[in-house]
Structures are given as structure tokens and as C-alpha cells.
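Asker: Just the structure for this:
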Amino acid sequence: MSNVKVKAPKKPVKPVIVVIYILLVILAVIYLAPLLWMLSVSLKDNAGVMSAPFSLPEVFHFENYAQAWQMGKLGTALINSVIVCGATLIVSLFFGAMAAFAIARMRWKLSEFMHTFFLIGMMVPVHCVLIPLFVRFAKLGLTNSQGGLMIPYITFSLPMTIFLLTGFFRSMPGEMFEAAAIDGCGIYGCFFRIALPLCRTGFFVSGLMTFINNWNELLLAMVFISDPMKKTLPVTLTYFVGPYATNYVQMFAAIIIAIAPTVVVYSLFSNQIVEGLTTGAVKG
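Answerer: Residues are numbered from 1 along each chain as shown. So this is what the prediction gives:
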């Protein structure tokens, strides 16, 4: 007897799923179109941009990137951004993790109040405190220094970091900390030996968001830093726009250089970011 394979009937595709995929494709085009257009403009010459700004380049001018790097001094600005954002990342993750662990796993009367207090910090726009910060920093001599710029960066990064890490710490089983306490592990041992190793995904997500937000920040860096050799990358991009003329091809080339790290990181680790945000924000 020959074995006869019976194929299972295919389930019909629901119209709702088709509509969802169509909407997702439209959204992808909307988000990718500006990036592709900037890349196209950065490879043209100024005459080609003025005559046909939305057409593909006939000749690829890769020298625009070299000229933008040299004329805009993007190397110095890149180093400044790495220093400021890297130091901000380390400090905000360290103190944010300690505060989040205290709120999530320790029992004290003001834990929920402090959690709400830090959440309120997420709703404070930087524009409301810009002038008071500048006046205070000017009196303290903290303007025109990278250390002074790190202070507001850390301040505005901590609420989001604490919010995300609190969700991760609360999602950990309490029995694990109770067993560690029975074995003689103190509060610092529970934090450094148990909580931190299990919260690697939370550190990855919150650290990535903190670094990218500060990497793209413009307003504070423009106000607090006046020395061209200390300015960060977003501020340096404004030098390509002049009062009477603008070199568009070099400006777009510099923008591509500035956003390339963030685009690559989000493209490579998008799944981890979504998973980490879901775990940290929903579970608790």
C-alpha cells in the first residue's frame, strides 16, 4: 500500500491582516524615504541638488564625505560626543540601577513616592529649566565645559533609566532574594551578585536609549558650550548652514555621518529593544 499524504487545507488570509501589512509597508516607506533622500543628496554636487533635488545622482561624489569631515572638524566633535555621552551613560546607569533596586526590592515607606517623583521627571521638558540652569551654571563656572554639560544630561536620563530598571527588578522572583538572604547575602550582595547579572537586558535597553538620546541632543549642548573645540556632533552640524549660503551636499553628508551609528544600532538590536521595553514596562 502506498502512503498517501493529505495536505491540510490552507487557512484563508483575513482581510484585517492584509490591511495591517499594507499599513506597515506604508509606514516603512514614510520612515525610510527621508533617509534615502538624504543619502542621495549627499552623493550629488550642489548644481545637481538645485536642478533635480529628488532624482538619483548621475555621478556619485563620495568626496563630499571627506570634505565634510575636514571642514566641519567632525573628528573632534565625534570624540567630544563619545566622551560626554559615554560618561553620562556610565553614571546614569550606576545611580539609576541603585535607585531602581531600592524602589523595587527594598521595603521602606517612601519607595512609591520616590518612584512617582522620578516619573514626574520624565514629564519635565528641558525648555522649562533651560534659563535657570544656565544662570546657575554661569555663577558656578560650569558653562563651556563638558563636565557641566554632563550634569543636565545625567539629570534628564535618570528618570527613564529608573523607570525601565524598576520594571526589570520587580519582574525578578522574590524567592531568589529571600534564599540569598537566608544564605547570609546582604543587601549589597543581592544587588551586585544577583540583581545586576540578571538585569543585563534592562541595562542594554536603558543604556542604549540614554546614549542615543544624548547623542542627538542639540539644545543644551548649543547653550552651554561656546568653545568650538568642545562642541558635540549635533552642534557642529549647524556650522554647515550659513547666513547667506549653505553647502547642502556637505551638510547632508555630515548628517549621514552623524546618524549612521544610531541607525546601525537600532537596525541590529531592534528585537532586543522591543523585548526589553516590554519586559521592563509591563511586568511588575
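Asker: Surely Ala180 touches Gly189?
Answerer: Yes: with the criterion set as CB atoms under 8 Å, Ala180 and Gly189 qualify as a contacting pair; they are 6.9 Å apart. Glycine gets a C-beta too; all of them are placed from N, C-alpha and C.
Asker: worst-scoring helix or strand of this structure, pLDDT-wise?
Answerer: Among the helical and strand segments of the chain, the one scoring lowest on mean pLDDT, DSSP states H and E is helix 270-282, with a mean of 60.
Asker: Could you pull up the residues touching the residue at minimal distance from the centre of the chain?
Answerer: Computing the C-alpha centroid of the chain and ranking residues by CA atoms, centre = their mean puts Ile212 first, at 2.6 Å. By CB atoms under 8 Å, 6 or more residues apart in numbering, the contact set of Ile212 is 262, 265-266.
Asker: where's it relative to Phe269, distance?
Answerer: As defined by CB to CB, to the nearest Å, Ile212 lies at a distance of 11 Å from Phe269.
Asker: which residues do those two both contact?
Answerer: When CB under 8 Å, 6+ apart defines a contact, no residue borders Ile212 and Phe269 alike.
Asker: out of everything not next to it in sequence, what's closest to Leu196?
Answerer: The shortest distance from Leu196 to any non-neighbouring residue, by CB to CB, 6 or more residues apart in numbering, is to Ala97 (6.8 Å).
Asker: And the one you found, how far from Leu165?
Answerer: Ala97 sits 6 Å away from Leu165, going by CB to CB.
Asker: Give the residues shared as contacts by these two.
Answerer: Taking CB under 8 Å, 6+ apart as the contact criterion, the common neighbours of Ala97 and Leu165 are 199, 203.
Asker: that older thread, going by secondary structure, the residue nearest to the centre of the chain is in what exactly?
Answerer: helix 200-215 (DSSP states H and E).
Asker: Quick one: name whatever helix or strand follows that helix.
Answerer: Moving toward the C-terminus from helix 200-215, the next helix or strand (DSSP H and E) is helix 219-224.
Asker: Could you verify that Phe60 is part of a strand?
Answerer: No: checked against DSSP: H, G, I helix; E, B strand; the rest coil, Phe60 lies outside a strand; its state is coil.
Asker: Give me the neighbour count for it.
Answerer: Residues contacting Phe60 under the criterion other CB atoms under 10 Å number 12.
Asker: Just give the nearest non-adjacent residue to it, would you?
Answerer: Take Phe60 and drop its neighbours on the chain: the residue closest to it by CB to CB, 6+ apart is Leu43, 4.8 Å away.
Asker: ok, now how distant is the one you found from Ala254?
Answerer: In terms of CB to CB, Leu43 sits 13 Å off from Ala254.
Asker: Likewise for Ala260?
Answerer: The gap separating Ala260 from Ala254 is 11 Å, by CB to CB.
Asker: Neighbour count: these two, which is higher?
Answerer: A count of neighbours by other CB under 10 Å puts Ala254 above the other of Ala260 and Ala254, at 26 against 10.
Asker: Could I get the buried residue list for the stretch of helix or strand that one belongs to?
Answerer: Element membership of Ala254 [criterion: DSSP H and E] is helix 248-268. The neighbour-count criterion (16 or more other CB atoms under 10 Å) identifies 248-259, 261 as the buried residues of helix 248-268.
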